[in-house]
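Chemist: Give me coordinates for this.
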Amino acid sequence: MSSLRTDNDTWDIASSVGATAVMVAAARAAETERPNPLINDPYAKLLIAGAGTSGAWQFIADQSAVARIAETDPEIGAMFEHMSSYQAVRTHFFDAFFADAAAAGIRQIVILASGLDSRAYRLTWPAGTTVFEIDQPLVLEYKTSRLAEHGVQPTADRREVPIDLRQDWPAALKAAGFDPAQPTAWLAEGLLMYLPADAQDRLFEQITALSAAGSRVAAESIGNQAPDRREKMRERFASITAQLGVDEPMDIAELTYEDANRANVADWLNTHGWRAEPTAAQDEMRRLGRFVEIPDADEESFSTFTTGVKS
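Modeler: So this is what the prediction gives:
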């Protein structure tokens with residue numbers, strides 16, 4: 001089944017881009033159950049349990065399944081291990097970003113395309129902190145109702161902004177109580193690859209316009225893989241998911257936009273009033289002892305974590 005993007009496409013937690021949030025939450029659930037986890041997300045397993053989707057993501061949360069995959073195809077096993085470790089490292093990095101922002105006195109948080117992000121529930125926020133979550137209405141509705149059913153309450157003043165980022169989300173954000181005069185910590189995690197290059201520029205223009213001096217921003221940008229490498233991985237994933245009984249494996253490549261003209265996030269920020277620094281994901285994985293060697297991977301195929309402060 002094709003999942004190609006269209007200009008006005010929408011989704012819930014079981015389809016299209018929404019289903020990728022389940023995969024990410026599955027990785028957080030798996031990490032939380034490791035002997036020495038980098039992060040602790042007690043709600044990830046709860047969120048994926050009610051998602052009602054099926055796909056390779058369900059095996060990420062099952063270490064015994066990953067072991068079976070590795071026996072069948074060691075390279076795919078390494079890919080799954082890399083994926084799980086990468087999500088843990090990514091989450092750890094951006095958790096630290098928010099901790100630093102809070103320590104600097106920032107009390108206004110915006111999580112763009114929040115998906116099944118549970119930071120408004122699992123992090124310890126200082127008194128007076130407001131966390132705004134922007135995403136598709138059905139995605140936010142699922143997360144809120146699922147956690148409420150199990151008595152889980154946010155640890156900050158959590159406010160939903162149910163709107164597509166292709167629409168006038170700044171107006172919706174301000175209507176929810178956002179104050180552009182106050183410093184803000186912004187997060188664009190697991191988002192930019194789902195935007196065309198021009199939409200990425202527009203997003204950061206909007207963020208910049210809404211950011212008071214001292215605001216902070218953090219973003220994840222995905223590296224580029226050679227076409228033959230992507231096709232090889234697509235074939236391998238199709239083969240292994242078929243063996244695991246996944247009838248219609250999700251092809252994330254169909255959901256993303258690749259554009260050679262996409263702006264480098266740190267460069268863009270540094271020329272638009274921010275002081276930004278990039279961190280190579282593979283360096284952060286090595287620093288935390290979680291780097292997984294992937295055959296045929298090159299440096300450009302890894303992602304980058306960028307943080308910036310508004311001048």
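Chemist: So which bits of stretch 198-208 are buried?
Modeler: Buried positions in stretch 198-208, judged by neighbour count with 16 or more other CB atoms under 10 Å: 200, 203-204, 206-208. Heads up, the C-betas are built off the backbone N, CA and C, glycines and all.
Chemist: before we move on, what about stretch 133-147?
Modeler: Residues of stretch 133-147 classed as buried: 133-136, 138-140, 142-144, 146-147 (neighbour count, 16+ other CB under 10 Å).
Chemist: try stretch 119-137
Modeler: Quick answer for stretch 119-137 (16+ other CB under 10 Å): 119-123, 125, 129-136.
Chemist: Restricted to helices, list those residues.
Modeler: If you go by DSSP state H, these have 119-122 in helices.
Chemist: Low-confidence regions, the protein specifically.
Modeler: Residue ranges of the chain with pLDDT under 70: 1-18, 52-63, 65-66, 224-234, 236-257, 296-301.
Chemist: quick one: the residue nearest the centre of it from Ser114, how far?
Modeler: The C-alpha lying nearest the average C-alpha coordinate of the chain belongs to Gly190 (CA atoms, centre = their mean; 2.9 Å). Here the criterion is CB to CB, to the nearest Å. By it, Gly190 lies 10 Å from Ser114.
Chemist: same thing with Val89?
Modeler: 20 Å.
Chemist: With Lys174 instead?
Modeler: 17 Å.
Chemist: Please say which of those two ends up with more neighbours.
Modeler: A count of neighbours by other CB atoms under 10 Å puts Ser114 above the other of Lys174 and Ser114, at 27 against 14.
Chemist: So what pairs up with the residue lying closest to the more buried one once chain neighbours are set aside in the strands?
Modeler: Nearest non-adjacent residue to Ser114, counting by CB to CB, 6 or more residues apart in numbering: Glu133, 3.9 Å away. In this entry, Glu133 is beta-bridged to Ile111, Glu160, by DSSP bridges.
Chemist: Go ahead and confirm Glu133 touches Ile163.
Modeler: No - applying CB atoms under 8 Å as the test, Glu133 and Ile163 come out as separate, 10.8 Å apart.
Chemist: which helices and strands sit right next to the helix or strand hosting Thr20?
Modeler: In the assignment (DSSP states H and E), Thr20 maps to helix 16-32. Applying 3 or more CB pairs under 8 Å, 6 or more residues apart in numbering; DSSP states H and E, we find helix 16-32 packed against helix 44-49, helix 57-60, helix 74-103, helix 137-149.
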